[in-house]
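[1] any chance you could fold what I've pasted below:
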Amino acid sequence: MQKSILKKIIAIIIASSIFSLNTFTTAFAFYSDVPETNTYYKEIQELYDANKLPKYTENKLNPNERLKTLDFYEILFTYAKAPLSTTIKLPFTNTDDSASYAKYLQTALDFGLIKADSTTFDLKQSITKYQALSVMFKTLDIGVNYFFDQSKFIFTDISNTSDAAAVAMKALELGIQEKKTPENFKKSRRITKGEAIDYLYKIYKYSPTAAFTIKITPSKAQPIQSKYTLTQKELINSDNFSKLLEIWDDLKNNYYYKDKIDNTELINGAIKGMVEKADDIYTVYQEPTDAEKLLGSLSTQEYEGVGMTLELIDGNATVISPFNDSPADKAGIKANDIIIEVDGTNIVGKTLEEVTTKIKGKSGTVVKIKILRNKKEQTFKVTREKINYKSVSSKTLTKDKKTIGYIQINIFGAETYGDFVAQANELIKQKVSGFIIDLRNNPGGYMDTAIQLVSLFTKEKKTAVELKFSDGSIDKYQTDGNGLLAGYKTIILINNGSASASEILAGALKDHNLAKLVGDKSFGKGVVQQLNTYKDGSLFKYTISQWLTPKGTSINKMGIAPDISVTDPTKQLDKALEQF
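    Okay, the predicted model is just below:
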């Protein structure tokens, strides 16, 4: 039976204590990295003094750092003085029950703020403005009004009937607005820790008692009219929705083969059809099995197969990139190849799950893959192997008695940034003269990881990428000035399989003259997708914006041209070494 948590009130009891001369207490000073010049100094200071922010032994908040899931719930629950879960049993394969974050993550699970829809959980995923405000309002019982006064709706970048509209209007009431463009809500903008604390400060001023209350209201307890957003109500009240219900009734009641109908398959089919009509190759709905594979591809793992990333483009199973030195790569399969047969079976029109299941198999076995390349068919015999899917690997290379650090990034996943920094530091200890960063056949991944990596190459605050939304508004994402590799000569290797986040990194370093690009033109995926996961494990991936390089250049469907063109893959690394 599902337990309904309506309200948890924390009573704070202050007890007096008598200390002996031998008693020691730990004193925490205010955050050492929040000077009075910080934009949110006043807000952070006041909440800190009110014991509403975490105390760290190193006294560092990193207020300009993007807010990660790892930090969000610790900050929120500390502010709310929430009762933290004492029984820790996280359902994710990549988390540690003994880690400091575990109690906050478990509490979020117990309160229903996050769901165990996947086997893994991305602790380092950046939080958007809309996500942060939605969870804050829900957790602190800050009511939002879906039937707000439409005449007061000022936002031009979201619909007044969207889910975000009511949250945006409550934020406006609290004084939470974009400083430069107050008419834009910017729901998908990734926020910093400082901004999140500013939101909590405004909530504190609006309703101080909210700090002591956590309220979770299950949907079953809500009146039926409040369960739907205005956009959903628009659909429900349309003639087409009535038609959909009539067809559903006929299939369930009058259809001759009604006993063979599976409700879930019908609903999934309807969703897929609706999404396909959006007519965007990167906007897809995936059922649980396919969704798990996509999410799993962003984490380090092992599997048996041929080692390549596929995506359905215009209904065709298309190679985004073969992994470096994988069986597919060694056999000659390339980015943009369209797979048409596997072991003699035509797979055109098949789902991604059906294609990948057909290709995967035990190590040592052979699979025949027929592809279409430039309107010509080719067949490859590929011997399957155990694929060790590490996001980052490194080594040293020698050129004219110089030691060069070589770092290969295979995907921009949850652990990529940490792994990259650790391996870069090891190479620095070996007194390398420069770095070669290999992005060849890297299909991309998390945009935030790419932005973090750009920051390693400059000590200055620079634009890493721009996001252009449907209303023409542009968000600029800045580096944090980490500068770990600033000053080192850097060469970036790219090819046709370098896509998405790989191109964000390469494009930023090229625009800012922080590195030279060597190799072949990149893939040309210049759009950004949002991932929504659901209780049954399914996933909806949809395009939310186009991304531009720091100079405002769109690379979508065009790719990035290298500074030094080398089309022969066997000569690209040698050409990179020649630059030192």
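[2] which residues sit in contact with residue 408?
    Taking Cβ atoms under 8 Å, 6 or more residues apart in numbering as the criterion, residue 408 is in contact with 324, 392, 393, 394, 438. The way it works is simple: take the backbone N, C-alpha and C, and place the C-beta from them, glycine included.
[3] how does it look with 7 Å?
    Shown in contact with residue 408 (Cβ atoms under 7 Å, 6 or more residues apart in numbering): 324, 393, 438.
[4] just the element for it, please.
    strand 402-409 (DSSP states H and E).
[5] pull out the buried residues from that strand.
    404, 405, 406, 407, 408, 409 (16 or more other Cβ atoms under 10 Å).
[6] nearest to residue 198 among these?
    Using Cβ to Cβ, residue 409 comes nearest to residue 198 of the buried residues of strand 402-409, at 33.8 Å.
[7] phi first, then psi, for residue 285.
    phi -110, psi 130 (degrees, to the nearest 10).
[8] that one against residue 271, yeah?
    Yes. Applying Cβ atoms under 7 Å, one finds residue 285 in contact with residue 271, separated by 5.1 Å.
[9] comparing the two, which residue is more hemmed in?
    More crowded of residue 285 and residue 271, by other Cβ atoms under 10 Å: residue 285, with 21 against 14.
[10] and the protein, what are its domains?
    Structural domains assigned to the chain are 8-214, 239-276, 301-388, 390-578, following automatic domain parsing.
[11] thinking again about what came up before, need the contacts of residue 408 in TSV with pLDDT and secondary structure, can you?
    What follows is those, written out as TSV (pLDDT from 0 to 100; DSSP: H, G, I helix; E, B strand; the rest coil):
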residue	pLDDT	secondary structure
324	76	coil
393	88	strand
438	95	strand
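[12] can you count the residues close to residue 533?
    19.
[13] ditto for the one 5 residues further on
    When counting by other Cβ under 10 Å, one arrives at 20 neighbours for residue 538.
[14] show the contacting residues for it.
    285, 286, 287, 288, 291.
[15] cool, residue 478 as well?
    461, 462, 463, 464 are the contacts of residue 478 under Cβ under 7 Å, 6+ apart.
[16] quick check: phi and psi on it?
    Torsion angles, degrees, to the nearest 10, at residue 478: phi -100, psi 150.
[17] what pLDDT is listed against it?
    The per-residue pLDDT reported for residue 478 equals 86.
[18] hang on, residue 347 packs against residue 341?
    Yes. Contact criterion Cβ under 7 Å: residue 347 and residue 341 qualify, at 6.4 Å.
[19] wait, what's in contact with residue 454?
    By Cβ under 7 Å, 6+ apart, the neighbours of residue 454 are 464, 479, 505, 508, 509.
[20] give me that answer again for 10 Å
    Applying Cβ atoms under 10 Å, 6 or more residues apart in numbering, we find residue 454 in contact with 462-465, 477-480, 482, 504-509, 512, 514, 550.
[21] repeat for residue 197
    Contact analysis of residue 197 by Cβ under 10 Å, 6+ apart lists 34, 40, 43-44, 46-48, 52-53, 61, 63, 67, 75, 79, 204.
[22] check for me that it belongs to a helix.
    Yes. The assignment for residue 197 (DSSP: H, G, I helix; E, B strand; the rest coil) places it in a helix.
[23] gap between it and residue 418?
    Residue 197 is 24 Å from residue 418, where distance means Cβ to Cβ, to the nearest Å.
[24] gap between the longest strand along the chain and the chain center?
    Longest strand in the chain, counting residues (DSSP state E): strand 539-548. Relative to its parent chain, strand 539-548 has a centroid offset of 11 Å by Cα atoms, centre = their mean, to the nearest Å.
[25] do the same with stretch 505-521
    On Cα atoms, centre = their mean, the centre of stretch 505-521 falls 23 Å from the chain's centre.
[26] buried sites along it?
    505-512, 514-521.
[27] now the spatially most central residue of the chain: how far from residue 186?
    Closest to where the C-alpha atoms of the chain average out (Cα atoms, centre = their mean) is residue 446, at 4.8 Å. Noted for residue 446: a distance of 19 Å to residue 186, by Cβ to Cβ.
[28] on that earlier part again, ok, so of the contacts of residue 197, who is nearest residue 276?
    Using Cβ to Cβ, the contacts of residue 197 come closest to residue 276 at residue 67, 34.3 Å.
[29] just give the number of residues close to that closest one.
    24.
[30] gap between the helix or strand hosting residue 194 and the chain center?
    Using DSSP H and E, residue 194 sits in helix 193-206. Relative to its chain's centre, helix 193-206 lies at 24 Å (Cα atoms, centre = their mean).
[31] residues of that helix that come out buried?
    So helix 193-206, judged by 16+ other Cβ under 10 Å, has buried residues 193, 194, 195, 196, 197, 198, 199, 200, 201, 202, 203, 204.
[32] ok, now stretch 267-281?
    268, 275.
[33] quick one: buried residues of stretch 554-564?
    555, 559, 560, 562.
[34] show me which of the contacts of residue 478 are buried.
    By 16+ other Cβ under 10 Å, these give 462, 463, 464 as buried.
[35] from those, which single one is nearest residue 311?
    Closest to residue 311, out of all of the buried ones among the contacts of residue 478 and judged by Cβ to Cβ, is residue 464, at 24.4 Å.
[36] thanks a lot, see you next time.
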